[in-house]
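> the following block contains a protein sequence and its predicted model.
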Amino acid sequence: METVSISLWVVIVLVAVALIFDFMNGFHDAANSIATVVSTRVLKPHHAVIWAAVFNIIAFFFFELKVAGTIGKGTISPAMVDHYVIFGALIGAIAWNIITWYYGIPSSSSHALIGGLVGAALVKVGPEALMMSGILKIVAFIFIAPFLGFVIGGLMMVAVSWICRKTAPRKVDRVFRRMQLISAAAYSLGHGGNDAQKTMGIIWMLLIAAGMSSPQEHMPTWIAISCHITIGLGTMFGGWRIVKTMGNRITKLNQPRGFCANSGGAVTLFLATWLGIPVSTTHTITGAIAGVGSTHGNRRVRWGVAGNIVWAWILTIPCSAAMAAIGWYLGRLVL
């Protein structure tokens with residue numbers, strides 16, 4: 001592969017921008033990890049974000065870097081990547097995250113980044129830059145991940161309801177207050193394991209384009225550590241505007257329901273990360289919450305709210321791609 005000439009200061013600036021995106025990813029998606037434990041009052045908000053952040057960071061020790069490999073080598077052709085593509089992709093993703101955070105819309109940081117890469121690559125080269133097998137796999141999981149969360153969360157809720165059918169409600173709540181801490185930790189572990197790797201893939205892609213690494217080499221450890229720490233810090237600052245939507249507007253949660261929703265989401269994230277597929281933690285937990293609520297009747301789920309969230313999912317990739325195209329042209333001027 002022919003490398004492009006990228007100065008060291010440009011690499012440093014773009015690594016910093018990538019870590020800003022990583023921070024915003026944690027900030028934007030904090031609600032996914034903590035909405036259930038906050039809305040059911042198991043933890044106070046500032047305790048909940050610290051709990052989630054710790055498990056975001058230690059996810060470094062639990063997962064192989066398959067998702068980073070998919071981002072770095074499986075979405076757009078590495079031969080087409082330069083610093084302008086990376087800059088455009090990051091600007092598109094960050095801009096969409098800011099817009100959706102401001103309006104309290106639980107959109108996907110993951111798909112904003114994918115859209116950013118696609119938009120920047122298209123405006124530079126055209127469709128031949130895209131690796132459709134990887135992109136189609138990611139697009140398929142826009143639907144598969146929430147469906148799995150819905151099914152697993154719903155089945156767990158049915159099982160819990162049957163097991164606890166003769167147990168006093170007060171005792172059930174007391175037990176599941178503790179169980180929710182475990183399920184929230186598992187979900188945050190999955191969140192850190194999948195989402196931090198997306199930024200790792202971007203930075204690795206940049207180093208490959210600059211000739212500082214190659215697709216055959218292992219990703220430098222400093223990239224993985226810095227991305228996990230940064231997403232953890234973003235989670236600690238929290239995305240409070242989105243907590244309300246995720247916590248109670250889709251369906252009313254109690255301790256058992258919160259446990260089942262987080263557990264269903266965690267299982268889905270673990271599976272996707274093991275397969276090396278970058279998925280949306282937002283899509284996953286939304287599906288799990290809806291699945292838990294649906295076990296008590298369709299009227300328990302506010303399908304209108306869920307429908308509005310789905311529209312945000314549909315719009316994320318094309319909107320972030322359009323913003324990334326603008327970012328690519330901007331990068332040509334400033335870098």
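Noted; the coordinates are in hand.
> C-alpha from now on. contacts and neighbour counts both.
Will do.
> what is the subsequent helix or strand relative to the worst-scoring helix or strand of the chain on mean pLDDT?
Least confident helix or strand of the chain, by mean pLDDT, DSSP states H and E, is helix 240-244 with a mean of 54. Beyond helix 240-244 on the C-terminal side, the first helix or strand identified by DSSP states H and E is helix 255-275.
> what segments of this structure are helices?
Under the criterion DSSP state H, helices of the chain are mapped to 8-39, 45-58, 66-73, 83-102, 109-124, 132-163, 169-209, 221-237, 240-244, 255-275, 281-294, 303-334.
> weakest of those helices by average pLDDT?
Taking the average pLDDT of each of the helices of the chain, the minimum falls on helix 240-244, with a mean of 54.
> tabulate the helices of the chain in CSV, adding columns for distance to residue 215.
Rendered in CSV, the data for the helices of the chain read as follows (distance: least, Cα to Cα, whole Å):
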stretch, distance to residue 215
helix 8-39, 17
helix 45-58, 25
helix 66-73, 7
helix 83-102, 16
helix 109-124, 18
helix 132-163, 16
helix 169-209, 7
helix 221-237, 15
helix 240-244, 37
helix 255-275, 19
helix 281-294, 27
helix 303-334, 24
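> I'd like the ones you listed as a markdown table, with mean neighbour count appended.
Converted to a markdown table, the helices of the chain look like this (neighbours: other Cα atoms under 10 Å):
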| stretch | mean neighbour count |
| --- | --- |
| helix 8-39 | 24 |
| helix 45-58 | 23 |
| helix 66-73 | 24 |
| helix 83-102 | 24 |
| helix 109-124 | 28 |
| helix 132-163 | 19 |
| helix 169-209 | 24 |
| helix 221-237 | 22 |
| helix 240-244 | 20 |
| helix 255-275 | 26 |
| helix 281-294 | 29 |
| helix 303-334 | 19 |
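> just give the nearest non-adjacent residue to residue 164, would you?
Spatial nearest neighbour of residue 164, chain neighbours left out: residue 172 (7.1 Å); criterion: Cα to Cα, 6 or more residues apart in numbering.
> wait, isn't the one you found in contact with residue 165?
No: counting by Cα atoms under 8 Å, residue 165 is not a contact partner of residue 172; they are 9.6 Å apart.
> pLDDT at the residue sitting furthest away from the middle of the chain, what is it?
Here the chain reaches farthest from its C-alpha mean at residue 166, the gap being 38.2 Å by Cα atoms, centre = their mean. Reading off the per-residue confidence, residue 166 sits at a pLDDT of 81.
> got phi/psi on it?
Comment: the main-chain dihedrals of residue 166 come out as phi -110, psi 10, following degrees, to the nearest 10.
> any idea how far residue 158 is from it?
When distance is defined by Cα to Cα, to the nearest Å, residue 166 is 14 Å away from residue 158.
> one more: residue 200?
In terms of Cα to Cα, residue 200 sits 38 Å off from residue 158.
> pull the contacting residues for residue 194.
67, 269, 272-273, 278-279 (Cα atoms under 8 Å, 6 or more residues apart in numbering).
> same thing but 7 Å
67, 273, 278 (Cα atoms under 7 Å, 6 or more residues apart in numbering).
> next, count neighbours for the last one.
Counted by other Cα atoms under 10 Å, the residues lying close to residue 278 total 29.
> so residue 19 versus residue 153, what's the distance?
Counting by Cα to Cα, the gap from residue 19 to residue 153 is 32 Å.
> what does stretch 222-240 contact?
Counting contacts by Cα under 7 Å, 6+ apart, the residues outside stretch 222-240 that touch it are 19, 22-31, 49-50, 52-54, 56-57, 60, 192, 196, 199-200.
> residue 56 touches residue 192, doesn't it?
Yes: in this structure, residue 56 is within contact of residue 192 by Cα atoms under 7 Å, at 4.0 Å.
> so how far is the first residue of stretch 38-53 from its last?
End-to-end for stretch 38-53, by Cα to Cα: 15 Å.
> likewise stretch 115-132?
Across stretch 115-132, the terminal residues are separated by 13 Å (Cα to Cα).
> how distant is it from the center of its chain?
Using Cα atoms, centre = their mean, to the nearest Å, we find the averaged C-alpha position of stretch 115-132 to lie 21 Å away from the chain's own average C-alpha position.
> try stretch 57-70
The mean C-alpha position of stretch 57-70 is separated from the chain mean by 13 Å, Cα atoms, centre = their mean.
> which residues does that stretch contact?
Contacts of stretch 57-70 with the rest of the structure, by Cα under 7 Å, 6+ apart, involve 189, 192-194, 197-198, 200-201, 228-229, 232, 273, 276-278.
> identify, from these, the entry nearest to residue 134.
Proximity of those to residue 134 was ranked by Cα to Cα; the top entry is residue 277 with 8.7 Å.
> against residue 179, how distant is that closest one?
Computed as Cα to Cα, the residue 277 to residue 179 distance reads 28 Å.
> repeat for residue 28
Remark: distance between residue 28 and residue 179 (Cα to Cα) = 25 Å.
> residue 131: how many residues sit nearby?
When neighbours are defined as other Cα under 10 Å, residue 131 has 16 of them.
> for residue 216, same thing?
A count of neighbours around residue 216, defined by other Cα under 10 Å, yields 7.
> need phi/psi at it.
Backbone torsions for residue 216, taken as degrees, to the nearest 10, come to phi -80, psi -20.
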